[in-house]
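Novice: Following is a predicted model, sequence given first.
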Amino acid sequence: MVSTHQNGIDADYSPWRLMDVASDGLVVLDAQSRVVYANRAFEAICGTQPQGSVLTDLLDPGARDKFATALSVLLSGAQASCGLDLPYAQSGSAGRLELRLSHEGDGDAGYVYGCARVKRDAAASADQLRALRQSEHVALVVSELESGRLLEVNRAFERQLGVSAESVIGKTVVELGIVSEAQHLDYVERIQQSTDTVLRSVPVPTACGRVEQMLLCVSKIRGFEPELVLTVGLDITAYVEAEARADETEQRFRAVCEQLQECMYFFDATGRFLDVNRAACDYLGYSRAELMQLRVADVVALPDWDLAQASAELNTKRRKRFESVHRAKDGSLHPVEVTMLAIPHRGGSAMALIARDLAEVRQAQAEVTDARDRMQAILQTLPDLLFEIDERGVILGFHSSRTDLLTRPVDEFMHRNVNELVSPEIAASIMRGVREALEHGLASGVEYTLDDGRWFELSAARRAVVQGNSARVVALVREITERKHREMELKRSNDELLRFTYTVSHDLKSPLVTIGSFAGLLRQDLAKRDIARVERDLGFIDTAANRMGQLLDDLLALSRVGRRVEPHQRVSLQELVSEACDLVAGPILNNGARIEVTQTPVWLVGDRTRLLEVFQNLIDNAVKFAKPQEAAHVTISVEPGDLPQEVVICVRDAGIGIDPRHQHKLFGLFEKLQPDASGTGIGLALIKRIVEVHGGRVWIESAGEGQGTCVRLSLPNTTLEPGT
Amino acid sequence: MSPASPKLAVLLVEDDPAHAEITRRNIEEFSPMLRSFVHVQDGQEALDHLRRQQIRDPEGLPDLILLDLRLPRLDGLEVLAQLKADAELRHIPVVVLTTSSADLDVERAYESGANSYLVKPFEPHEFLSMTRALGRYWFGLNRVVRL
């Protein structure tokens, strides 16, 4: 650099810089034609950095001789300067190189100064343009600047505007409707004022009516008269649309970010904020402008936190979550839960940091833990089984402490379909509940019984569908065996009460009808003085009154059973039978009946007086229904029952037996199969009542009339050993 | 009963001897219209009697059955059901005769095919009006059917 002070030009004046801005190529050569200096314009003409090269080598082969001759003339001193017009082909453009040379100095010791200007060859340019006509993608137009008349268009132009070259060449852009006249004049003015290419993004109407966004690069073509311009057009419609879409997306994204309660910070690798959301500003107490001036390190108040290390970790892991402390504008520190992400940014990556106040997070976590704990406590105390079942019937979850109610271990039924686990009937019941809950939100009262006799009730509630999960219900299964038994007992008892009321009203009314009717007949017979009939009428009245009394006594006896329960005691069967025989001694004696009881010691447990009544009635019946003219033979034996440890007592006779068709009526109140038989028909009803009050059961078997009868009874705790 | 009416053969199914006696004496009031009066004590006996009669002398089948509901062995409703299920016996009108005036009994009796229902004790005139009603609507129809 030369630092001189002359001609009013001050200090940092640099002639080299001046030469670099000149539009003509300037070159200094030594006597060997080696380039000592070349300005930028000359470099552009050469298409390379010519410093140190021999200029002759850089020239077009057709120009070298002419140049060498001119140079030798100059060096010989015969001429101080000369002008050369050389052929030129460089960087894809052809034309002429005007080179003016002057020599200063003494022979080989001096320098040759050259000034070069390329004059483009119009014909060659046209050839090249014709080649460009083939381009399918970039529209090229050569036109007269001022008139706007088109001289040359390429295929891409034809395609984009839907026109043929022949139809547009020679017409102006205004005539063609590509631009308005005012627009055209405006363009011309701007192009004339500009030395550079003019770039414009303009809407261009196409033949098919579509407006395409075109990027137009307009540049003057020098050296022609009238002045020509080359317009390069690129269809950027798709790009413009995509940009508009990207804008919309960004606006949406920004709106969401602004609405979020979480603080969001975007920053580059140096920690400089690229963007922050409203929540972040509010949380830290800064205005947006203030916060954007800061760096992430100004906010993060962790002493050992290092941005470089944090971003390095994100290289291996796209997301990192940690607890941190953020410093607000007023200096206060706030614990936060932070998620840090790497996000793409301008071809590289930036970071996003999403922060939630930890106090809130901890509160939420505490609420979740509390809810879970409460749920666990409820489940622990719940006497029920809780399943999660999906719409297909697959068990997805089980929560209960009552594993003792299960028929198989938890891991054997999890993730299996109920169809594989229970009978088709039970599976159908369960699925009915599941479907009802899915449809209506709730289902209840679905009852089913297992093979082991236990009853269960299923209630179900639909669960909210969480994304990715199948529709499912929570099913609460409660064991209701006891309730079911009570219900059945209640129903049985109600039915019995109904029958009892019916029977009582019917049977008690019967003797009253007799008494009332015969009182009337008696009156008639007395009036007729028919003494025989009077006697008969009175006989009927007597019998009816006695029967009434007997019925009432029997009813009273029956009603006492179960109302007053004596303490249960262990009683020997043999002892009971022996006492019962004493009570039925009269009929036994009259009939000559033989009563045999097993020698096996059998012990019953119950109300002794009632158990005695049972055997008294059984033996009485067996003797009463012996075959006519035959002595009754009654055997009392024991046999094992269907249930484990069950002992069944059989009281068997060889009497008149019972037609199987009538056996169902036997235990009914005041039911008599033999109209002439003595008694009211309460015996078996009473036996049944006593046995049932003791929790046992009694049933009758007879092969038919004349085949004898066997009454079997099973009482709980009956044993063959004395026990304790 | 019109003079042209045929005399009735009546079957009484009643287990209580006293009630049987009352019924017998009440309908004896109308002995001119009775052809015969048979009393059996229970439902099974009634069915056995009717089936024997059917084989031995179908003409001797009763024209009217008076049926108590509460009977030993087969009760009245079962007898009624079997009678009405028997093609040869179902034409015989059955009057249920019982001490119960409970609605349930009345309903069940009619459901089982009873043609009428009388609550004991009945007065002779009740029996008369019942047989008249049956005579108009049942015996007439029965005769037509039998032709």
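Specialist: Ah, there it is.

Novice: got the residues of chain A near chain B?
Specialist: Proximity of chain A to chain B (C-beta under 8 Å from any C-beta of the partner chain) is limited to residues A:502, A:505-507, A:509-510, A:513-514, A:516-518, A:520-521, A:536, A:540, A:543-544, A:659, A:661-662, A:665, A:671-676. Where C-beta positions appear, they are placed from N, C-alpha and C, glycine not excepted.

Novice: Of those residues, keep whichever come out buried.
Specialist: A:502, A:506-507, A:509-510, A:513-514, A:516-518, A:521, A:536, A:540, A:543-544, A:659, A:662, A:665, A:671-675 (16 or more other C-beta atoms under 10 Å in any protein chain shown).

Novice: and the most centrally placed residue in chain B, how far is that from chain A?
Specialist: The structure's chain B has its C-alpha centroid closest to B:Ile65; by C-alpha atoms, centre = their mean the separation is 1.6 Å. As defined by C-beta to the nearest C-beta, to the nearest Å, B:Ile65 lies at a distance of 18 Å from chain A.

Novice: Please list all residues in contact with that residue.
Specialist: B:Val10, B:Leu11, B:Val13, B:Ala46, B:Leu83, B:Ile92, B:Pro93, B:Val94, B:Val95 (C-beta atoms under 8 Å, 6 or more residues apart in numbering or on different chains).

Novice: repeat that for 7 Å
Specialist: B:Leu11, B:Val13, B:Ile92, B:Val94 (C-beta atoms under 7 Å, 6 or more residues apart in numbering or on different chains).

Novice: what about the second one, how many neighbours?
Specialist: Right, the one you point to is B:Val13. 30 (other C-beta atoms under 10 Å in any protein chain shown).

Novice: If it is in a bridge, with which residues?
Specialist: Beta-bridge partners for B:Val13, by DSSP bridges, are B:Val40, B:Leu67.

Novice: what's it in contact with, if anything?
Specialist: Here B:Val13 is in contact with B:Val40, B:Gly43, B:Ala46, B:Ile65, B:Leu66, B:Leu67, B:Asp68, B:Leu71, B:Val79 (C-beta under 7 Å, 6+ apart).

Novice: at 8 Å instead, please
Specialist: B:Val13 touches B:40-43, B:45-46, B:65-68, B:71, B:76, B:79, counting by C-beta under 8 Å, 6+ apart.

Novice: A:Ile426 now?
Specialist: Taking C-beta under 8 Å, 6+ apart as the test, what A:Ile426 contacts is A:Val418, A:Tyr448, A:Leu450.

Novice: Try it again at 10 Å.
Specialist: A:Val418, A:Asn419, A:Tyr448, A:Thr449, A:Leu450, A:Asp451, A:Phe456, A:Leu458 (C-beta atoms under 10 Å, 6 or more residues apart in numbering or on different chains).

Novice: what about it, helix or strand, and which?
Specialist: helix A:424-440 (DSSP states H and E).

Novice: Please point out which parts of that helix sit buried.
Specialist: Neighbour-count burial for helix A:424-440 [16+ other C-beta under 10 Å]: A:Ile426, A:Ala427, A:Ser429, A:Ile430, A:Met431, A:Gly433, A:Val434, A:Glu436, A:Ala437, A:Leu438.

Novice: Would you agree the second one is in contact with A:Tyr448?
Specialist: Yes - A:Ala427 is in contact with A:Tyr448 according to C-beta atoms under 10 Å; the separation is 9.4 Å.

Novice: how far away is B:Leu80 from B:Leu97?
Specialist: Going from B:Leu80 to B:Leu97 by C-beta to C-beta, to the nearest Å gives 12 Å.

Novice: tell me, what's touching the two both at once?
Specialist: With C-beta under 10 Å, 6+ apart, B:Leu80 and B:Leu97 have common neighbours B:Val13, B:Ile65, B:Leu67, B:Leu69, B:Ala114.

Novice: what's the closest of those residues to chain A?
Specialist: Nearest to chain A out of the shared contacts of B:Leu80 and B:Leu97 is B:Leu69 (C-beta to the nearest C-beta; 7.9 Å).

Novice: surely the closest one meets B:Val94?
Specialist: No - counting by C-beta under 10 Å, B:Leu69 does not reach B:Val94; the two are 11.2 Å apart.

Novice: Mutual contacts of these two, please.
Specialist: B:Val13, B:Gly76, B:Val79, B:Leu80, B:Ala109, B:Ser112, B:Ala114, B:Tyr117.

Novice: Next step: the residues you listed restricted to strands.
Specialist: B:Val13, B:Tyr117 (DSSP state E).

Novice: Keeping just the C-alphas, turn the longest helix seen in chain B into PDB.
Specialist: Secondary structure of chain B per DSSP state H: the longest helix is helix B:43-56. Extracted in PDB, the C-alpha atoms of helix B:43-56 (Å, rounded to 0.1, in the frame of the first residue of the first chain):
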ATOM      1  CA  GLY B  43    -108.600 -87.600  42.600                       C
ATOM      2  CA  GLN B  44    -106.900 -90.800  41.500                       C
ATOM      3  CA  GLU B  45    -110.100 -92.800  42.400                       C
ATOM      4  CA  ALA B  46    -112.100 -90.300  40.300                       C
ATOM      5  CA  LEU B  47    -109.900 -90.800  37.200                       C
ATOM      6  CA  ASP B  48    -109.900 -94.600  37.700                       C
ATOM      7  CA  HIS B  49    -113.700 -94.600  38.000                       C
ATOM      8  CA  LEU B  50    -114.200 -92.500  34.800                       C
ATOM      9  CA  ARG B  51    -111.800 -94.600  32.700                       C
ATOM     10  CA  ARG B  52    -113.400 -97.800  33.900                       C
ATOM     11  CA  GLN B  53    -116.800 -96.400  33.000                       C
ATOM     12  CA  GLN B  54    -115.500 -95.200  29.600                       C
ATOM     13  CA  ILE B  55    -114.600 -98.800  28.700                       C
ATOM     14  CA  ARG B  56    -117.500-100.500  30.400                       C
END
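
Novice: and for that helix, what are the contacting residues?
Specialist: A:659, A:661-662, A:673, A:675, B:9, B:11-15, B:38-40, B:42, B:59-62, B:65, B:67-69, B:71-80, B:82-83, B:86, B:88-89, B:92.

Novice: Buried ones among those?
Specialist: A:659, A:662, A:673, A:675, B:9, B:11-15, B:38-40, B:42, B:61-62, B:65, B:67-69, B:71-80, B:82-83, B:89, B:92.

Novice: What residues of stretch A:694-712 count as buried?
Specialist: Neighbour-count burial for stretch A:694-712, counted by 16+ other C-beta under 10 Å, picks out A:His694, A:Gly696, A:Val698, A:Ile700, A:Glu701, A:Ser702, A:Gln707, A:Gly708, A:Thr709, A:Cys710, A:Val711, A:Arg712.

Novice: any idea of the mean pLDDT in that stretch?
Specialist: Stretch A:694-712 shows a mean pLDDT of 89.

Novice: okay, now A:Asp247: neighbour count?
Specialist: Neighbour count of A:Asp247, defined by other C-beta under 10 Å: 10.

Novice: can you pull out the strands in chain B?
Specialist: B:8-13, B:34-40, B:64-67, B:94-98, B:116-119.
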